[in-house]
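Undergrad: Let me see the structure of the following:
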Amino acid sequence: FRLLSLGAAGNAPSGGAFKAPSSGRGFFTMPMRLELKDIKGGVLEQDYSCTLADFPDVGALAVQDGPRFEEPIVFRLRFQRTGQIVEVDGRLSAFLQLHCARCLKPFRQEVSELFSVTFSPHAEDMCNEDDIELEADELGLVGYQDEILDLAGPLQEQLLMAIPIRPLCDVNCPGLCHECGADLNVSPCDCEKKPFNNKFSVLADVLGKK
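TA: Below is the predicted model:
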């Protein structure tokens with residue numbers, strides 16, 4: 001997990017280890033955490049470059065011959081702090097290796113998604129915890145403690161939500177022949193097309209005669 005660009009204040013997050021790559025552009029190697037004190041002036045903008053190793057659940061899908069994100073996976077994040085609440089607006093940029101749900105061929109798809117996440121302290125970290133009736137999860141918030149934001153879970157969730165449920169290499173992909181299995185993208189086959197048997201239409205006819 002690497003910090004690609006510095007925030008508005010020009011400071012690296014606490015605990016970052018500076019490196020000087022051959023390209024001449026500095027970056028910081030750091031855990032997927034951010035301390036509230038690093039959001040100087042209430043606003044911080046940073047780009048993060050990640051690998052599959054940073055997201056075990058996403059990596060597990062690739063091992064099982066499922067969707068695979070190409071590396072690097074880039075997040076552009078803007079943190080805005082108001083008191084103990086931190087709003088994060090982000091953009092995910094990556095490429096996915098998928099298999100078409102119709103023709104089963106592998107294809108590559110670009111992913112560019114906008115998202116927002118709100119961090120709120122756990123009850124034990126709140127000043128007026130006696131007034132708290134709802135946990136952060138029940139309000140759709142991401143909890144944090146000790147004034148440290150753990151980014152790994154929320155970012156992994158955004159990756160999982162970005163994976164299409166039914167990936168298609170093309171919206172007009174004809175898929176495979178249900179009879180012989182031929183790829184209809186290559187050439188049509190000579191199989192007789194059987195009419196679709198809709199049992200509900202038969203039921204509708206019966207009800208309509210009553």
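Undergrad: Give the rounded mean pLDDT of stretch 164-171.
TA: Taken as a whole, stretch 164-171 carries a mean pLDDT of 96.
Undergrad: ditto for stretch 140-157
TA: 92.
Undergrad: what does that stretch rub up against?
TA: Contacts to stretch 140-157, defined as C-beta atoms under 8 Å, 6 or more residues apart in numbering, come from residues 32-37, 48, 50, 54-58, 75, 77, 79, 86, 88, 90, 117-122, 124-125, 135-137. All C-beta spots, glycine's among them, are computed from the backbone N, C-alpha and C.
Undergrad: what comes up buried for the helix or strand in which R91 is found?
TA: Element membership of R91 [criterion: DSSP states H and E] is strand 85-99. Under the neighbour-count criterion of 16 or more other C-beta atoms under 10 Å, strand 85-99 has V86, V88, G90, L92, A94, L96, L98 buried.
Undergrad: Return the list of strands paired to it, each annotated with direction.
TA: Within its sheet, strand 85-99 is paired with strand 68-69 (antiparallel), strand 73-82 (antiparallel), strand 106-121 (antiparallel), according to DSSP bridges.
Undergrad: Could you single out the most deeply buried of the ones you listed?
TA: strand 68-69 (a mean of 21; mean count of other C-beta atoms under 10 Å).
Undergrad: Run through the residues that contact the residue nearest to L92 when sequence neighbours are not counted.
TA: Excluding the flanking residues, the one nearest L92 by C-beta to C-beta, 6 or more residues apart in numbering is E113, at 4.5 Å. Contacts for E113 (C-beta under 8 Å, 6+ apart) come out as R91, L92, Q158, M161, A162.
Undergrad: partners of the first one in the sheet?
TA: By that I understand R91. Residues in beta-bridge contact with R91 (DSSP bridges): R76, L114.
Undergrad: Could you double-check that it lies in contact with S112?
TA: Yes - R91 is within contact range of S112, at 6.8 Å (criterion: C-beta atoms under 8 Å).
Undergrad: hang on, the earlier thing: arrange the buried residues of strand 85-99 in a markdown table, one row each, with distance to G66 as further columns.
TA: Below are the buried residues of strand 85-99 laid out as a markdown table (distance: C-beta to C-beta, whole Å):
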| residue | distance to G66 |
| --- | --- |
| V86 | 32 |
| V88 | 27 |
| G90 | 24 |
| L92 | 18 |
| A94 | 15 |
| L96 | 10 |
| L98 | 9 |
